[in-house]
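> Sharing a model prediction with you, sequence too.
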Amino acid sequence: MDDSYDCRSIRNICILAHVDHGKTTLADHLIASSGGGVLHPKQAGRLRFMDYLDEEQRRAITMKSSSICLQYKGSAINLIDSPGHMDFCSEVSTASRLSDGGLVLVDAVEGVHIQTHAVLRQAWIEKLTPCLVLNKIDRLIVELKLSPMEAYNRLQRIVHEVNSIVSTYKSEKYLSDVDSILAGPAGEVSDENQDFIEDDEEDTFQPQKGNVVFACALDGWGFGICEFAEFYASKLGASSSSLQKALWGPRYFIPKTKMIVGKKGLAAGSKARPMFVQFVLEPLWQVYEAALDVNGDKKILEKLIKSFNLSIPPRELQNKDPKLVLQSVMSRWLPLADAVLSMVIKHMPDPIAAQSFRVSRLLPKREILDNTVGDSDVVAEAEIVRKSVETCDSQPESPCVAFVSKMFAVPIKMLPQRGVNGDLLNNYTEEGGSGDSDECFLAFARIFSGVLHAGQKVFVLSALYDPLKSGDSVQKHIQEAELHSLYLMMGQGLIPVASVRAGNLVAIRGLGQHILKSATISSTKNCWPFSSMTFQVSPTLKVAIEPSDPVDMAALMKGLRLLNRADPFVEVSVSARGEHVLAAAGEVHLERCIKDLKERFAKVNLEISPPLVSFRETIEGELSNPFEKLKSLTGNSNYIERVTPNGRCTVRVHILKLPDALTKLLDESSDLLEDIIAGKSIQVKTMGGQDDDNPVESLRKRIMDAVESEVTDGNAEKYKLLWENLLKRIWALGPRQVGPNMLLLPETTTKETGPSVIIRSSPYVSERLGFINSNELELEINPSSTNQQLIQESESLRSSVLSGFQVATSAGPLCDEPMWGLAFVIEASISPFESETEAIHQQSQSDQYGVFSGQVMTAVKEACKAALLQRNPRIVEGMYFCELNTPTEYLGPMYAVLARRRARILKEEMQEGSPLFTVHAYVPVAESFGFADELRRWTSGASSALLVLSHWEALPEDPFFVPKTEEEKEEFGDGSSVLQNTARKLIDGVRRRKGLPVEEKVVQHATKQRTLARKV
């Protein structure tokens, strides 16, 4: 930390890609060349240095993001290696938040996959500067045996495809269907791209600009176009900059005239190849053929070594294995680390440039609504802090701000034994009195401003902290902590440092008791917290967990607390039945969590339940004519009526199914709706991370679009008017105030019958969403009755109706699961006491029936549940989007596995130039457990599958189906012999798990004597 510190010589980068595309292998070569001797070049690509956990080495996949510091030509590069498996995409979020640039790897054979979409989206949201690495180029030569021209078309298509993905984010039109991946025949693509490349200044990845590298990470070679432009500059008599522009795209070299021309400049019938094929790929192919073919011309290798003055030991050249000879030649001719790191330094921003560009994402500007005199100083200081983050101010006197993206556990014995000055440390004096644990928690952080010192006192701010507020409500979001020590991360190794300046990554010890998952660290209280990280998936796989021996319960509780802190994505909760529930992203993630619990955190034997699958309950939708369905809602027929036990309140419930698009929108917008309904100051980022001017306005428009998308026939206008009327009557959403179900007020035209009064309220949610203004509101809620006492009583019972609706929607009648996409119109009318004596009598009877408000709540709940059962109930299950890659010979077994699991095939296509088929399908979540293992077993390990939670879908089967017609009886049987359908089996499974009554035969043959040995 000397005075010559230059923030501009730092680069913070992460490696992002689909699983098995070569991230950790690439990281190995970068570490071997610039890691200060921690890895020998001979072991690069085989050791997988960043995968230091036993489980990672055993499974051969990365499971966590880890950092290492590299030194290259006077620059410090903080490299973060991230996982590619969908289960660990939360680690991609933590890595991208702390980085300024991302190396996106794509396999040249497999091309763009589902996780490539996900990491590109994450990079776009976090405003990273991406560079592209096309890996495994050698497989095009050795495995697929493509010609240079075919390989060029393939590479060109992949670059075009990645650019098209990024351009969809740029235009804010992200394709939500991950299966709409553009692909075309090789011959057509090259023709399309010629016009495209002529006019593609807005493209993100352009090889001629130098932000694309072609590589083979396993063999340790790689190049950008600029390397070859420098090779040929003197030979062709052209400047390297002009050659660099010509070496990609439809540019051709005419040897006679020594001119570079476009496609139009070619003579008719000319067989000229593009310059990239002629000058880059063909020499590569020749070197590979010379080295690997039995009859190859070995003189080519000698000529290559001589012309480039490569210093290769003779021992390596005389090796009997031609692959090793080729590797030693290629890794010295085109060293991978030089190509990648020079691209990083040239094309990725330093922290100063990056933070000025990323500050709108990290610390968005806040709208201060009520600015009092006392707050002006706070606002001014918060603005100074924001400015110092924007400029990456590394002066000691500037405010110190850092962001912790995750906590990670390290065994105490792995901590450095000596301090900065070489003095021995006592690592077992763990802060907070948890010294009985063998694990120490370090914070994985990036300093955005100022200087951080060991022993410094800082404030830890949670995402909900507001510096303008004071009092107990804010105190729980801010804590004061003292930093124990700071470490520079070198993969598994840690190097103690006394202080760290802005722009660097650091591991901090001393925050284990203060931070659960992520937080902002600041030297001042007057600082806004950084915006929350976005995760691509949510933890959907849930299991109940308990110790084999009940005595170990305390150890399990402590282990779960530690696991919850150590894993950024796991969720630990206690269910309503008192079970400890562990939620993970997928099966691999869950297996790792349980292994960590058993071996590191709890160290006890555990009993794991079968996965707990969430379902939803709904009614059958009227697909034929939704307009008629909606009209019937306004009539008075077809309702459920319930009366409270004391007979004073009658509840009528009408039920309606919401359009699917509207239900999906309400479900996805739950966080935004929560803020709108609570009346908070809203700060919303759209999909690309840009500011949304008016989120309420845009949500209202999306709701109307969702409603209109349902009807296409002539009644569309009437249908829209009816819905506009309904949307002005939204009293509440449920369950938990923000779910995909609506509580609608009865129409204002509904008159009270006799002396009874209908419980009315204001359409609160409609008002918040702007469907109705306050002037209309006053007119609607004035009751037309004179009985003031009854009116006051009806007003006091509003919350009972609301609570009854919330309880009913959170646990439906089929299997106590939340309801989905339903609208309830609830008319609850109260009748007055007929005489004084009856009133006194009712009061004395209140003990018998319970409190009146509780009776109303129960009546509303029962009426809502009965309404659902009356109208053809259906169960809704979660669906995974599944992408499978299978060789042709294993297509049969793969389809058999999919059929057994009720999968629905969406698309199947052959990957051009390879023997693999790509299949897209929807697989129900309930059927997905053990899917990957079964698939590997049936296809001898040749198939791979990735699952991403896609959507909710109603199962079309009636769970209470009974054969009635002759045809049905003939097909399904009669009476007790009817087999349960899938929907009923799913419902009974959930009911059994929750301890609810299930209709089933317990005794099969009570009185009948049977001979067990007889085969019947």
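Yep, it's here.
> Next one: residue 490 from residue 53, what distance?
Taking Cβ to Cβ, to the nearest Å as the criterion, residue 490 is separated from residue 53 by 16 Å. In short, each C-beta sits where N, CA and C put it, glycine included.
> Then residue 154?
Taking Cβ to Cβ as the measure, residue 154 falls 35 Å from residue 53.
> Among these two, which residue is more densely surrounded?
Between residue 154 and residue 53, residue 154 has the larger neighbour count (other Cβ atoms under 10 Å), namely 22 against 16.
> The more buried one contacts residue 140, doesn't it?
Yes: taking Cβ atoms under 8 Å as the definition, residue 154 is a contact partner of residue 140 at 6.8 Å.
> Name the residues contacting each of these two.
108, 146 (Cβ atoms under 8 Å, 6 or more residues apart in numbering).
> where does the stretch 401-550 of the chain have low pLDDT?
Residues of the stretch 401-550 of the chain that meet the criterion pLDDT under 70 lie in 422-423, 426-437, 471-473.
> how about the strands in it?
Taking DSSP state E, counting those that start in this stretch, the strands of the stretch 401-550 of the chain run over residues 401-411, 439-449, 451-453, 457-461, 478-482, 485-490, 493-497, 499-501, 505-509, 519-522, 541-547.
> contacting residues for residue 243?
Counted by Cβ under 8 Å, 6+ apart, residue 243 has contacts 228-229, 232-233, 236.
> Just give me the closest of these to residue 127.
Comparing the contacts of residue 243 against residue 127 with Cβ to Cβ places residue 229 closest, at 30.3 Å.
> you'd agree the closest one is up against residue 235?
No: using Cβ under 8 Å, residue 229 is not in contact with residue 235; the gap is 11.1 Å.
> Give me the more crowded residue out of these two.
Neighbours were tallied for residue 229 and for residue 235 using other Cβ under 10 Å; the higher tally belongs to residue 229 (24 against 9).
> contacting residues for residue 549?
Contacts were defined as Cβ under 8 Å, 6+ apart; by that measure residue 549 touches 604-605.
> I'd like the distance between it and residue 556.
Using Cβ to Cβ, residue 549 is found at 10 Å from residue 556.
> who touches both of these two?
When contacts are counted by Cβ under 8 Å, 6+ apart, residue 549 and residue 556 have residue 604 as shared neighbours.
> circling back: top of the contacts of residue 243 by neighbour count?
Highest neighbour count within these, by other Cβ under 10 Å: residue 229, with 24 neighbours.
> And the pLDDT for it?
According to the prediction, residue 229 has pLDDT 89.
> Now name the helix or strand holding it.
Using DSSP states H and E, residue 229 falls within helix 225-236.
> so where's the longest helix in this structure?
Secondary structure of the chain read by DSSP state H shows that its longest helix is helix 148-170.
> ok, back up a step: out of the strands of the stretch 401-550 of the chain, flag the one nearest residue 731.
Among the strands of the stretch 401-550 of the chain, strand 541-547 comes nearest to residue 731, with 31.8 Å by Cβ to Cβ.
> Give me the helices and strands touching the closest one, please.
When contacts are defined as 3 or more Cβ pairs under 8 Å, 6 or more residues apart in numbering; DSSP states H and E, strand 541-547 sits against helix 553-566, strand 580-584, helix 587-596, strand 606-608.
> From the rest of the structure, what touches the first one?
The set of residues external to helix 553-566 that reach it, using Cβ under 8 Å, 6+ apart, is 407-409, 437, 439, 441, 512, 515-517, 545-547, 570-572, 580, 582, 593, 596-597, 600-604, 606.
> Pull out the buried residues from those.
By the neighbour-count criterion of 16 or more other Cβ atoms under 10 Å, these include these buried positions: 407-409, 437, 439, 441, 512, 515, 517, 545, 547, 570, 572, 580, 582, 593, 596-597, 600-602, 604, 606.
> okay, now the closest residue to residue 958 other than its chain neighbours: neighbour count?
If you skip the residues right next to it in sequence, residue 958 has residue 872 as its closest partner in space, 6.5 Å away by Cβ to Cβ, 6 or more residues apart in numbering. By the measure other Cβ under 10 Å, the count of residues near residue 872 is 15.
> so what's residue 872 up against?
Residues counted as contacts of residue 872 (Cβ under 8 Å, 6+ apart) are 619-620, 958.
> Mind pulling up the pLDDT for residue 65?
pLDDT recorded at residue 65 is 90.
> so who does it touch?
By Cβ under 8 Å, 6+ apart, residue 65 lies in contact with 14, 80-83, 91-92, 94-95, 406, 444.
> would a markdown table of those residues with distance to residue 980, secondary structure and neighbour count be doable?
Listed next are the contacts of residue 65 as a markdown table, based on distance: Cβ to Cβ, whole Å; DSSP: H, G, I helix; E, B strand; the rest coil; neighbours: other Cβ atoms under 10 Å:
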| residue | distance to residue 980 | secondary structure | neighbour count |
| --- | --- | --- | --- |
| 14 | 50 | strand | 30 |
| 80 | 51 | strand | 28 |
| 81 | 49 | strand | 28 |
| 82 | 45 | coil | 28 |
| 83 | 41 | coil | 28 |
| 91 | 42 | helix | 26 |
| 92 | 42 | helix | 28 |
| 94 | 45 | helix | 25 |
| 95 | 47 | helix | 30 |
| 406 | 45 | strand | 26 |
| 444 | 50 | strand | 26 |
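> Touching the helix or strand where residue 920 lies from outside, list them.
Secondary structure assignment for residue 920, by DSSP H and E: strand 916-924. Outside of strand 916-924, the residues within contact range by Cβ under 8 Å, 6+ apart are 110, 179, 877-888, 891, 894, 898, 901-911, 931, 947, 950, 953.
> so where's the stretch 601-750 of the chain shaky on pLDDT?
When the per-residue scores of the stretch 601-750 of the chain are filtered using pLDDT under 70, the ranges that remain are 622-638, 679-694, 711-716, 748-750.
> Do a quick rundown of the strands in it.
Residue ranges of the strands in the stretch 601-750 of the chain, as given by DSSP E, counting those that start in this stretch, are 606-608, 615-619, 640-643, 649-657, 730-734, 741-744.
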